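**Q** With the sequence up front, the predicted model follows.
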Amino acid sequence: MKAGQSEHLDKNRVADRFRASAATYEHMAIVQKQISRQLVAIVDRYGVAGWTRVLEIGSCTGVLTEFLCRKERIEKMFVNDLVPELCSYTQRRVAASVGSVESIPGDIEQAELPQHLDLVISSSTFQWMADLPALMEKIAAALNPGGHLAFAIFSPGTMEEIATLTGRGLQYHANEALTAMVEKYFRLVTLHTERKCLYFPSVRAVLRHIRETGVGGVTGARWTLSRLKDFERQYSERFQTDDGLPVTYVSTFVIAEKPREGGMP
């Protein structure tokens with residue numbers, strides 16, 4: 001297995017989960033919306049500007065896209081998502097806010113990227129990549145010198161409660177590995193990590209949250225009634241707090257710049 005790869009990752013299954021959750025995603029994806037808003041604020045804080053041509057990877061329902069398009073006037077926006085229907089939805093959602101918008105549906109790792117980009121941005125998506133280092137190289141080649149890569153990625157500790165009990169989950173990239181990937185092609189501007197917890201009144205509510213945000217598409221494991229009851233019992237016994245039952249999200253925010261001609265990462 002190559003460095004940076006995730007095991008148990010079936011992108012068709014991932015796409016199916018997100019497609020099934022499309023109607024509920026925006027209401028239920030509380031943390032993902034917070035992260036998108038934070039990412040745009042961080043991009044603004046570090047003075048990333050001049051966004052003539054922008055690519056967003058993993059647009060989903062267009063939450064980040066809309067935040068971004070409200071903030072700056074973008075001449076050409078490219079939106080990508082693994083689920084073509086979501087890509088089209090996002091395109092319609094922001095069409096009036098940009099000069100023009102074009103969809104790039106499907107797996108971004110297999111797609112041909114538009115060239116001469118000023119900004120590539122992505123929120124809560126890069127953890128789904130099969131070979132993130134290769135994608136970094138591909139993005140670097142598509143950016144103009146002085147262009148920026150801005151992303152938020154879920155990190156080790158995310159959904160640790162579920163992984164502890166089931167032994168299943170994504171292989172999240174530690175900050176040291178992310179830094180090495182980024183610095184091979186970019187100048188690292190900032191990298192920091194935040195931890196957030198959501199609390200639910202029951203284990204069934206936890207599972208409903210996972211289902212309705214599409215984030216449970218790692219494996220094809222099926223629940224039997226006995227397994228479900230055992231999971232509920234263990235989750236309550238091990239993780240119950242005064243605030244309820246937690247689901248943990250750990251997110252890392254990264255801003256990086258492609259060196260200008262003659263510069264080194």
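**A** Yep, that arrived.

**Q** mind listing the helices for the stretch 101-250 of the chain?
**A** 132-142, 160-166, 175-183, 203-213, 225-239 (DSSP state H, counting those that start in this stretch).

**Q** So D131 sits against Q110, correct?
**A** No - at 10.8 Å, D131 does not count as touching Q110 under the criterion of C-beta atoms under 8 Å. Just so you know, the C-beta spots here come from the backbone N, C-alpha and C atoms, and that holds for glycine as well.

**Q** neighbour-wise, which of the two wins?
**A** Counted by other C-beta atoms under 10 Å, D131 and Q110 do not tie: D131 has more neighbours, with 16 against 8.

**Q** could you dump the helices of the stretch 101-250 of the chain to CSV with mean neighbour count and distance to D118?
**A** Formatted as CSV, the helices of the stretch 101-250 of the chain follow (neighbours: other C-beta atoms under 10 Å; distance: least, C-beta to C-beta, whole Å):
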stretch, mean neighbour count, distance to D118
helix 132-142, 19, 10
helix 160-166, 17, 37
helix 175-183, 17, 18
helix 203-213, 18, 30
helix 225-239, 13, 44
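
**Q** And those, which one averages the lowest pLDDT?
**A** Mean pLDDT values for those show the minimum at helix 203-213, a mean of 83.

**Q** Which strands and helices lie in contact with that helix?
**A** helix 22-28, helix 160-166, strand 187-200, helix 225-239, strand 245-257 (3 or more C-beta pairs under 8 Å, 6 or more residues apart in numbering; DSSP states H and E).

**Q** What is the burial count for A96?
**A** 8.

**Q** per-residue pLDDT, it?
**A** Reported pLDDT for A96: 93.

**Q** Is it in a helix, a strand, or coil?
**A** State at A96, reduced to three classes by DSSP: H, G, I helix; E, B strand; the rest coil: helix.

**Q** Okay, it and S124: tell me how far apart.
**A** For A96, the distance to S124 (C-beta to C-beta, to the nearest Å) stands at 25 Å.

**Q** chain center to stretch 192-204: distance?
**A** Counting by C-alpha atoms, centre = their mean, to the nearest Å, stretch 192-204 is centred 17 Å from the centre of its parent chain.
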